[in-house]
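Asker: starting from these lines, generate the structure:
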Amino acid sequence: MEFSTKVVLIFLLLFFSIQDLKHREIGFLPVVLGILILLPLRLCGVPEEREGLTWMLKLLPGAAYLLTALWKGDKVGYGDGVCMLLAGIALWPGELLCGLLGTLIPLLFVVVYQRRKGTWKKDNLIPYIPVLTAGIILGLLWDSLVI
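Answerer: Numbering: from 1, shown residues only. Sure thing, here's the model as predicted:
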């Protein structure tokens, strides 16, 4: 079950990345379908994962990101927070932390590339879902290699 949950998450994030790059938004229906697919897959898993504290730790980054989106308005997208919530549903807290730390590497590459190309501006908006997707894939690879 755990492997299938991660595969579904990666496919959803890749789909949302393409939507984010093309349209700068993600659709409501695919998000609801993603939640309806990931939640039963995860709840059928390990009993320890059904504890409230584990779920709070897993959903905290996405909830914080959504609150930031409410506070900042157009600078931070709601779709980014929703994708972080989906990652929180699908991954263990340690895997989620590795994935979020893994986003720093692609984000650094994007910033350095734009600075070298001369297209970096102070008010630059970077589509975050593709960076999150790459970071979660890197984090899952790193987590599987370390353990």
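
Asker: against the centre of the chain, work out the most remote residue.
Answerer: residue 118 (28.0 Å; CA atoms, centre = their mean).

Asker: measure it to residue 30 for me?
Answerer: 35 Å (CB to CB, to the nearest Å). Bear in mind the C-beta positions are built from the backbone N, C-alpha and C, glycine included.

Asker: check residue 142 too.
Answerer: Counting by CB to CB - residue 142 and residue 30 are separated by 27 Å.

Asker: one more: residue 131?
Answerer: From residue 131 to residue 30 the distance is 19 Å (CB to CB).

Asker: show me which of residue 142 and residue 30 is the more surrounded one.
Answerer: Ranked by neighbour count (other CB atoms under 10 Å), residue 142 and residue 30 place residue 142 first, with 16 against 13.

Asker: let's see the pLDDT reported for the residue nearest to the spatial centre of the chain.
Answerer: Centroid-nearest residue in the chain, with CA atoms, centre = their mean: residue 84, separated by 3.8 Å. Listed pLDDT for residue 84 reads 85.

Asker: next, it: phi, psi?
Answerer: phi -70, psi -40 (degrees, to the nearest 10).

Asker: contacting residues for it?
Answerer: 61-62, 65, 100, 132 (CB atoms under 8 Å, 6 or more residues apart in numbering).

Asker: format these as a markdown table; extra columns: pLDDT.
Answerer: Shown next, in a markdown table, are the contacts of residue 84 (pLDDT from 0 to 100):
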| residue | pLDDT |
| --- | --- |
| 61 | 82 |
| 62 | 81 |
| 65 | 80 |
| 100 | 83 |
| 132 | 86 |
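
Asker: show me which of these is closest to residue 41.
Answerer: The nearest member of those to residue 41, counting by CB to CB, is residue 62 at 17.3 Å.
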